[in-house]
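Q: Here you go, sequence then predicted model.
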Amino acid sequence: MPRGNGKDAAGLSVSIVDGDYTELHREKFEQPGKVTAALMVSAVLNLGLDVVAAPVPDDPRHALITGIPDSTLGDAQKLEAERYAEQLAKCAAVYRFP
């Protein structure tokens, strides 16, 4: 679910699995009390959303899931964002680092 402060208006941050960056992603995502989830890009596309590369200095494989309405723009957009969040969660699986 996009954060309510508008910081996810451009899209939801994800990292693309890449064996060359396993240790970077392990350090970034393996945290006590948290679970890393995996989504197939095809599942995101099937929902009518998109995945676009958005590299950042600390993660060259960073990307954004785009197309989710900005939940800060009103109740209708918030409901639609929640619907997408539920659909994405149904497509997700727990990811275990190799």
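A: It's in. Because the structure is a prediction, the values reported are computed rather than measured. Residues are numbered from 1 along each chain as shown.
Q: can I assume residue 52 sits in a strand?
A: Yes: counting by DSSP: H, G, I helix; E, B strand; the rest coil, residue 52 is located in a strand.
Q: is it true that it touches residue 45?
A: No: taking C-beta atoms under 8 Å as the definition, residue 52 is not a contact partner of residue 45, at 11.5 Å. C-beta coordinates here come from the backbone N, C-alpha and C atoms, glycine included.
Q: What ranges does the chain have for its helices?
A: 22-29, 41-46, 75-91 (DSSP state H).
Q: Outside of the longest one itself, which residues are in contact with it?
A: Just to be clear, that refers to helix 75-91. Residues from elsewhere that reach helix 75-91 (C-beta atoms under 8 Å, 6 or more residues apart in numbering): 1-2, 39-40, 43-44, 47, 49, 65, 67-72.
Q: what does stretch 21-30 give?
A: Contacts to stretch 21-30, defined as C-beta under 8 Å, 6+ apart, come from residues 15, 17, 36, 58-61, 95, 97-98.
Q: Farthest-apart pair in those residues, please.
A: Greatest spacing in those, by C-beta to C-beta: 58 and 98 (21.0 Å).
Q: rewinding a little: now distance to residue 80, neighbour count and pLDDT too, for the contacts of stretch 21-30, in JSON lines please.
A: Below are the contacts of stretch 21-30 laid out as JSON lines (distance: C-beta to C-beta, whole Å; neighbours: other C-beta atoms under 10 Å; pLDDT from 0 to 100):
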{"residue": "15", "distance to residue 80": "25", "neighbour count": "17", "pLDDT": "95"}
{"residue": "17", "distance to residue 80": "28", "neighbour count": "13", "pLDDT": "95"}
{"residue": "36", "distance to residue 80": "26", "neighbour count": "16", "pLDDT": "94"}
{"residue": "58", "distance to residue 80": "31", "neighbour count": "9", "pLDDT": "94"}
{"residue": "59", "distance to residue 80": "28", "neighbour count": "17", "pLDDT": "95"}
{"residue": "60", "distance to residue 80": "31", "neighbour count": "14", "pLDDT": "97"}
{"residue": "61", "distance to residue 80": "28", "neighbour count": "17", "pLDDT": "97"}
{"residue": "95", "distance to residue 80": "26", "neighbour count": "15", "pLDDT": "95"}
{"residue": "97", "distance to residue 80": "33", "neighbour count": "11", "pLDDT": "92"}
{"residue": "98", "distance to residue 80": "36", "neighbour count": "7", "pLDDT": "90"}
